[in-house]
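Student: one predicted model, sequence on top.
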Amino acid sequence: MNDRHFHRRRLPHLYYTDGIYFITYRLFGSIHPNELRKLQAEMIRANRENRNVKIFKRYDSLLDGLKSKNNYLSNPTIAEICKSTLHFPDGKDYTLICYTIMPNHIHLVFDLLNKTKSVGNLMGAIKRNSAKDTNSFLGLKGAFWQPESFDRLVRDEKELYNVIKYVLMNPVNAGLVDNWRDWEYTYCHPDFIVIE
């Protein structure tokens with residue numbers, strides 16, 4: 001890994017100019033602020049007590065369990081907008097490994113190719129373009145995506161296997177389909193399919 005860039009918003013972000021990234025981003029307001037505060041308090045407690053708590057899985061299950069009126073991504077037109085914005089940088093800025101578009105969030109895994117673009121700038125462009133087209137379709141204005149995403153540099157092949165499996169199985173684990181291949185809004189590059 002060559003150059004790296006660090007910045008902080010509410011979460012710390014450490015981006016390298018190469019590597020495989022696992023990203024989760026969600027619709028603006030898709031989790032009620034009270035639920036987020038509870039999760040943040042639990043994270044602080046876990047850190048203070050030096051316990052290894054799987055906060056991300058709790059966060060993701062919170063998203064999967066929501067029956068929100070703002071589950072815009074379950075609209076086929078909006079899901080197609082998101083699919084096209086995820087595929088557009090493929091082969092130019094990244095190699096698209098896999099994604100799943102859930103009703104209120106997206107999981108994305110890619111291998112960064114363009115060493116001149118940061119992950120933050122790349123995700124900003126993806127979110128900006130899909131928000132512009134989606135808001136136009138819905139006749140809405142304002143924020144469509146939550147400003148901050150969860151991102152993680154995938155460190156080895158075992159972790160990559162687990163991340164891909166997690167992404168592909170998200171619609172199954174959320175009770176939307178019985179087989180990951182039945183979810184229309186899931187994609188996996190043929191070289192990376194880890195489950196049948």
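Tutor: Yep, that arrived. Numbering: from 1, shown residues only.
Student: wait, doesn't Asp101 sit right on Thr85?
Tutor: Quick fix: residue 101 reads Ile, not Asp. No - between Ile101 and Thr85 there is no contact under Cβ atoms under 8 Å: 10.6 Å. No exception for glycine: its C-beta is placed from N, CA and C like everyone else's.
Student: where along the protein do the strands fall?
Tutor: In the chain, strands defined by DSSP state E lie at 4-8, 12-16, 19-26, 94-101, 105-112, 150-154, 186-188, listed in chain order.
Student: nearest to Trp180, out of those?
Tutor: Smallest distance to Trp180 across the strands of the chain (Cβ to Cβ): 5.9 Å, for strand 186-188.
Student: please say which of Ile101 and Thr85 ends up with more neighbours.
Tutor: A direct count of neighbours by other Cβ atoms under 10 Å for Ile101 and Thr85 places Ile101 higher, at 25 against 20.
Student: who are the contact partners of the spatially closest residue to that one that is not a sequence neighbour?
Tutor: Spatial nearest neighbour of Ile101, chain neighbours left out: Tyr185 (3.7 Å); criterion: Cβ to Cβ, 6 or more residues apart in numbering. Contact analysis of Tyr185 by Cβ atoms under 8 Å, 6 or more residues apart in numbering lists 73, 79, 82-83, 100-102, 171.
Student: for this protein, what's the longest helix?
Tutor: The longest helix of the chain (DSSP state H) is helix 119-138.
Student: identify each buried residue in that one, please.
Tutor: For helix 119-138, a neighbour-count test (16 or more other Cβ atoms under 10 Å) marks 119-120, 122-123, 126-127, 130-131, 133-134 as buried.
Student: pull the CA atoms of it into CSV?
Tutor: C-alpha atoms of helix 119-138 as CSV (Å, rounded to 0.1, in the frame of the first residue of the first chain):
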residue,chain,number,x,y,z
VAL,A,119,-12.1,6.5,-1.6
GLY,A,120,-13.8,9.5,-0.1
ASN,A,121,-13.9,11.3,-3.4
LEU,A,122,-15.0,8.2,-5.3
MET,A,123,-17.8,7.6,-2.8
GLY,A,124,-18.8,11.2,-2.9
ALA,A,125,-19.2,11.1,-6.7
ILE,A,126,-21.2,7.8,-6.5
LYS,A,127,-23.5,9.2,-3.8
ARG,A,128,-23.8,12.7,-5.5
ASN,A,129,-24.7,11.2,-8.9
SER,A,130,-27.2,8.7,-7.6
ALA,A,131,-28.8,11.3,-5.3
LYS,A,132,-29.2,13.8,-8.2
ASP,A,133,-30.9,11.3,-10.4
THR,A,134,-33.0,9.8,-7.6
ASN,A,135,-34.2,13.2,-6.3
SER,A,136,-35.1,14.2,-9.8
PHE,A,137,-37.2,11.0,-10.2
LEU,A,138,-38.9,11.4,-6.9
